[in-house]
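**Q** Sequence first, then the predicted structure:
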Amino acid sequence: MEQTAICEALQRIEAALARVEGATRQAVDLRGRHEALIEQHEALATRHVTLKASVEQSLSRIDGLIGRADK
């Protein structure tokens, strides 16, 4: 009887460990995805700044051309 209880306890412990291992793998996967998203966000932010500067430069050139055409 005592061996049965010990075996059942061991099975519960093994099942709990399996759940912890699964959760740990999932956490590692989520961490990796999170870091990848941060990198993508940083790249997009850099691209945004570059595009904004390019648009501002283009608008300035257009303003200059319009100013010359008005003269």
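**A** Yep, that arrived. These numbers were taken from a predicted model, which means no experiment stands behind them.
**Q** which residues of the protein fall in helices?
**A** Applying DSSP state H to the chain gives helices spanning 2-70.
**Q** Poorly predicted segments of it, please.
**A** Residues of the chain that meet the criterion pLDDT under 70 lie in 71.
**Q** center of it, which residue is that?
**A** In the chain, the C-alpha closest to the average C-alpha coordinate belongs to Leu37, at a distance of 2.0 Å (CA atoms, centre = their mean).
**Q** if I look at that residue, how far off is Ala27?
**A** As judged by CB to CB, to the nearest Å, Leu37 and Ala27 stand 15 Å apart. In this view, the C-beta of every residue, glycine as well, is placed from N, C-alpha and C.
**Q** What of His34?
**A** Using CB to CB, His34 is found at 10 Å from Ala27.
**Q** circling back to that earlier point, check the spacing between the residue nearest to the centre of the chain and Cys7 real quick.
**A** 45 Å.
**Q** Please apply the same query to Val49.
**A** For Val49, the distance to Cys7 (CB to CB) stands at 63 Å.
**Q** swap in Asp63?
**A** Distance of Asp63 to Cys7, computed by CB to CB: 83 Å.
**Q** swap in Leu59?
**A** 77 Å.
**Q** ditto for His34
**A** Distance from His34 to Cys7, counting by CB to CB: 40 Å.
**Q** Check Ala16 too.
**A** Note on Ala16: its distance to Cys7, by CB to CB, is 15 Å.
**Q** and what of Ser60?
**A** Going from Ser60 to Cys7 by CB to CB gives 79 Å.
**Q** Please apply the same query to Glu21.
**A** To Cys7, Glu21 is 21 Å away according to CB to CB.
**Q** Please apply the same query to Leu65.
**A** Applying CB to CB, the value for Leu65 to Cys7 is 86 Å.
**Q** just Arg31 next, same as before
**A** Going from Arg31 to Cys7 by CB to CB gives 36 Å.
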